[in-house]
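Undergrad: heads up, no residue letters with this:
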């Protein structure tokens, strides 16, 4: 079974994180929701507190197939402060494992230099943070092992893209129909 590690920091964008996770779990993709602090409860940018599955110190990164970063402010800069997460993003990229991010969070990949020469998208206004990327205005962009998306309104698109990556276009389309996204 494919496994996605979804990382949450104080101030994350709730819909971006939870919508993507909901879609992945509907597709029987295992997702661990992970706090980047020692606290299991993490408050989103709009005060919605969610209990995570584990804290970053309890993650065996070798078990994962993808790291997913929801955006939000101050969620994105708070994610970027987590040294263990940053180290493992670089390791995943080096070994060709999948990375995904939405809204402001693709800026983390930009700051790490792993978007160099790749197509990527993000929340409008963060394009300059995608160092070396070829920025495009699509809802979701997958280039190699990295998938990026624009923001809250494209959360379903991102979830379905990840389903497509791991389980194929047929299941992604079927799931899109079941949730009344494709009607």
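TA: Structure's in. What do you need? Since the model is a prediction, treat every value here as computed from it, not as a measurement.

Undergrad: okay, CA-based contacts and neighbour counts for the rest of this
TA: OK.

Undergrad: and residue 76, which helix or strand is it part of?
TA: Per DSSP states H and E, residue 76 falls inside helix 75-80.

Undergrad: list the contacts of that helix.
TA: Identification of contacts with helix 75-80 by C-alpha atoms under 8 Å, 6 or more residues apart in numbering yields 7-13, 36, 44-45, 70, 85-86, 104-105, 108.

Undergrad: got it, and stretch 60-67?
TA: For stretch 60-67, contacts defined as C-alpha under 8 Å, 6+ apart pick out 2-7, 88-89, 92, 97-100.

Undergrad: pretty sure residue 54 contacts residue 33?
TA: Yes - under the criterion of C-alpha atoms under 8 Å, residue 54 makes contact with residue 33 at 6.7 Å.

Undergrad: next one: phi and psi at the nearest residue to residue 140 once chain neighbours are set aside?
TA: Leaving out its chain neighbours, the residue that sits closest to residue 140 by C-alpha to C-alpha, 6 or more residues apart in numbering is residue 149, at 4.3 Å. Backbone dihedrals for residue 149, given as degrees, to the nearest 10, come out at phi -150, psi 160.

Undergrad: wait, doesn't residue 149 sit right on residue 141?
TA: Yes - using C-alpha under 8 Å, residue 149 is in contact with residue 141, at 6.4 Å.

Undergrad: need the helices for the chain, in chain order.
TA: Using DSSP state H, the helices of the chain run over 14-26, 75-80, 83-95, 106-111, 155-167, 169-178.

Undergrad: other residues contacting the first one?
TA: It refers to helix 14-26. With contacts defined as C-alpha under 8 Å, 6+ apart, helix 14-26 is touched by 6, 8, 30-31, 44-46, 48, 69-71, 102, 151-152, 155-156, 158-160, 162-163, 175.

Undergrad: how does it look with 6 Å?
TA: 44, 70, 152, 155, 159 (C-alpha atoms under 6 Å, 6 or more residues apart in numbering).

Undergrad: now the buried members of these.
TA: Burial of the contacts of helix 14-26 was assessed by neighbour count (16 or more other C-alpha atoms under 10 Å); the buried members are 44, 70, 152, 155, 159.

Undergrad: now the second one: how far from residue 26?
TA: Spelled out, that is residue 70. Distance of residue 70 to residue 26, given as C-alpha to C-alpha, to the nearest Å: 18 Å.

Undergrad: again with residue 167
TA: From residue 167 across to residue 26, the span is 12 Å (C-alpha to C-alpha).

Undergrad: and the two? Which one has more around it.
TA: residue 167 (16 against 12; other C-alpha atoms under 10 Å).
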